[in-house]
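Can you look at this prediction? I've put the sequence above it.
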Amino acid sequence: MTEQPRLAYVGLGSNLDDPEHQVRRALAELDALPLTRCEAGSPLYRSTPMGPQDQPPFINAVARLATHLSPLALLDQLQALEQRHRRVRRRHWGPRTLDLDLLLYGDCRGRWPRLTLPHPGITERNFVLVPLADIAPDTCIGDAAVSHLADAIDRDGLQRLVPQQ
């Protein structure tokens, strides 16, 4: 395969069934996706839930992938990985074992029935921008570098976890 892989960024989140383990395991499993390599994973963060507050806090991270998959093929693989983690969709923004969001895919901008790129709301979510800035500070969303967006966002409810030894 001579075509260069595309860089894609994936947001990970979990607040059920040992969320730290769910996210760490998913980071490792992203590297096993077809035609895809996980190049980097951010530190883990604890965040307050976005949406219903009657649920546990989330553990979040962002991964950088190099992939030969198309955006929709990558989305299919991410959703299959969620299912392997027993993801159940009971309510919008409700608790989950694993949530994987395709945030960015190269410089692709587009809207499909199942996918919008860049991910809607990316610039308003501290649990996405801060870990994204850890691994891709110079990446741009629109005209702004991720590092500048992360510096400007309110970090209330977001806590970086101490790495495991």
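Received it, and whenever you're ready, just let me know what you need. Note that the structure is predicted; figures quoted are calculated from it, not measured.

CA atoms for contacts and neighbours, from now on please.
Noted.

Would you mind pulling the contact partners of stretch 120-129?
Contacts of stretch 120-129 with the rest of the structure, by CA atoms under 8 Å, 6 or more residues apart in numbering, involve 11, 45, 47, 60-62, 103, 146, 149-150, 153-155, 158.

chain center to that stretch: distance?
Distance, stretch centre to chain centre, for stretch 120-129: 10 Å (CA atoms, centre = their mean, to the nearest Å).

now do stretch 40-60
With CA atoms, centre = their mean, you get 11 Å for stretch 40-60.

Buried residues, that stretch. List them.
Across stretch 40-60, burial judged by 16 or more other CA atoms under 10 Å covers 40-49, 56-60.

got it, and stretch 129-145?
For stretch 129-145, a neighbour-count test (16+ other CA under 10 Å) marks L129, V130, P131, L132, A133, D134, I135, A136, P137, T139 as buried.

per-residue confidence for the first one?
So that's L129. You'll see L129 listed with a pLDDT of 98.

do you know how far it is from R86?
According to CA to CA, to the nearest Å, L129 and R86 sit 26 Å apart.

swap in the fifth one?
Counting by CA to CA, the separation of A133 from R86 is 29 Å.
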